[in-house]
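Student: Quick one: sequence and predicted model below, then my questions.
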Amino acid sequence: MLPVFQSDQVLNRCVPSANSSVPTDVLRSFYEILNSPAALEQLVADLYRTWRLIFILSFVSFMLALVMILLLSFATAAIAVTFTVVVSVASVAGTLALWWAYLETKWLLDETPIEQMLEETATNERWLLILAVFATLVTLVLLCLAAHVAKNVKTLAALFKEASGFIKALPSLYLQPIITVAVLLSLFCAWMYVVLCLATATTPEARQIILYTEDSNMTSVNKFTLLQFVELSWVRFGWWIYLIALVWVSELVLSCQQMTSAGALVDWYFLTSGRRDGGARLLLTSVRRLVWYHLGSVALGSLLIALFKLPRLALRLLGIKQKPLCYERGLRYVNHNAYAVIAIEGIDFCPSARVVGLRI
């Protein structure tokens with residue numbers, strides 16, 4: 001029997017402590033086992049460890065958005081300035097937090113011996129650096145936009161006033177984010193269930209094991225069957241396909257919400273001339289129109305927006321003045337504003353995106 005060494009908790013597992021009498025090669029073997037899972041398996045493990053924190057942050061974000069919507073009904077001019085200040089401060093604070101997390105991770109890696117180094121920590125250091133640089137660029141863009149908006153506070157206040165009138169006319173619109181969150185949670189639970197099925201998608205394989213033993217100058221042969229479970233080759237590709245499907249379907253759910261809001265806004269603004277009537281009828285009419293006429297356009301739009309979001313943002317953050325031809329002809333047209341044109345004119349997503357690109 002192996003001796004029981006003094007242990008520490010590493011990734012929710014008992015690992016011999018570095019100051020114990022465990023040999024270095026044995027300690028290295030323990031950390032090699034911890035570094036053996038694939039990237040997607042580590043991703044699923046991280047989601048499992050942090051699902052409570054994700055749920056709390058999502059709930060706090062939802063409540064803050066609800067408070068912001070309620071404030072729109074009472075102080076539109078003040079909330080316009082407050083919104084600009086809060087976004088600027090939050091972006092700066094988030095960027096500083098990312099840089100501090102990166103420095104802490106880097107200092108931890110510098111003090112960790114090589115045989116005790118976790119691949120997960122090294123990966124976290126690389127991604128924290130990427131996120132910190134990306135957040136810095138986004139913060140600079142937001143601060144420039146905030147400085148520009150500060151010069152046009154009256155225009156921003158007028159937009160918030162129109163939004164306040166729309167929300168007052170359709171109080172049932174408060175239920176739409178709740179329904180969207182419920183659908184996304186159901187989708188995520190179903191996705192996690194299939195992920196668990198993929199993680200356990202193995203096939204049994206029998207192997208014949210022959211052992212040779214010597215006892216009192218006599219050689220004996222023992223033969224037995226070893227049953228082991230082998231991972232299927234297609235499962236590794238299934239992980240990536242399923243991850244892309246999660247992003248697309250999540251974007252589709254959010255696009256359906258935006259299309260419903262855009263349809264209700266168009267009916268309220270053009271058909272009722274901004275009067276406080278219609279209520280839930282306008283929202284239900286928009287949902288029916290989405291399901292019967294525009295679901296295909298929303299599905300295509302959600303896919304294109306998800307595909308073009310990162311290239312478009314990268315070109316914008318780099319500040320390239322002479323945009324490539326692909327950006328001028330396609331990327332800058334693909335955004336959520338196309339749903340408003342679909343609701344107004346009833347055309348497909350691509351022509352609607354072109355109309356938005358030409359008019360905005």
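Tutor: Structure received.
Student: Quick check: nearest residue in space to residue 83, chain neighbours excluded?
Tutor: residue 68 (7.2 Å; C-beta to C-beta, 6 or more residues apart in numbering). Any C-beta I mention is one placed from the backbone N, CA and C, and that applies to glycine too.
Student: How is the one you found assigned, secondary-structure-wise?
Tutor: Of the three states, residue 68 takes helix according to DSSP: H, G, I helix; E, B strand; the rest coil.
Student: wouldn't it be in contact with residue 62 here?
Tutor: No - here residue 68 does not reach residue 62: they are 10.8 Å apart, not a contact under C-beta atoms under 8 Å.
Student: Identify each buried residue in the helix or strand containing residue 146, please.
Tutor: Here residue 146, judged by DSSP states H and E, is contained in helix 119-150. Buried residues in helix 119-150, counted by 16 or more other C-beta atoms under 10 Å: 120, 124-125, 128-129, 131-132, 135-139, 142, 146, 149.
Student: List just the nearest of these to residue 105.
Tutor: Among the buried residues of helix 119-150, residue 125 lies closest to residue 105 (C-beta to C-beta), at 4.7 Å.
Student: Need the nearest residue in space to that closest one, chain neighbours excluded.
Tutor: In space, and not counting its chain neighbours, residue 125 is closest to residue 105: 4.7 Å by C-beta to C-beta, 6+ apart.
Student: Report pLDDT for that neighbour.
Tutor: You'll see residue 105 listed with a pLDDT of 84.
Student: wait, what's in contact with it?
Tutor: 121, 124, 125, 128 (C-beta atoms under 8 Å, 6 or more residues apart in numbering).
Student: Where does confidence bottom out across the residues you listed?
Tutor: Minimum confidence in the contacts of residue 105 sits at residue 121, scoring 72.
Student: Identify the single longest helix in the protein, thanks.
Tutor: helix 76-111 (DSSP state H).
Student: Kindly report the domain assignment for this protein.
Tutor: Here the domain parsing of the chain from automatic domain parsing is 23-169, 175-201+234-360, 202-233.
Student: ranking those by burial, who's on top?
Tutor: domain 175-201+234-360 (a mean of 16; mean count of other C-beta atoms under 10 Å).
Student: For residue 240, state which of the contacts of residue 105 is nearest.
Tutor: Of all the contacts of residue 105, residue 240 sits closest to residue 124, with 21.1 Å by C-beta to C-beta.
Student: now that closest one, nearest residue through space, not along the chain?
Tutor: Take residue 124 and drop its neighbours on the chain: the residue closest to it by C-beta to C-beta, 6+ apart is residue 105, 5.5 Å away.
Student: what separates the one you found from residue 135, distance-wise?
Tutor: With the distance defined as C-beta to C-beta, to the nearest Å, residue 105 ends up 15 Å from residue 135.
Student: Equivalent analysis for residue 155, please.
Tutor: Separation of residue 155 from residue 135 (C-beta to C-beta): 28 Å.
Student: And for residue 244?
Tutor: Applying C-beta to C-beta, the value for residue 244 to residue 135 is 24 Å.
Student: Also residue 201?
Tutor: The span separating residue 201 from residue 135 equals 37 Å under the rule C-beta to C-beta.
Student: go on, residue 356?
Tutor: Distance of residue 356 to residue 135, computed by C-beta to C-beta: 28 Å.
Student: if we can go back for a sec, for residue 159, state which of the buried residues of helix 119-150 is nearest.
Tutor: Of those, the one sitting nearest to residue 159 (C-beta to C-beta) turns out to be residue 149, at 10.5 Å.
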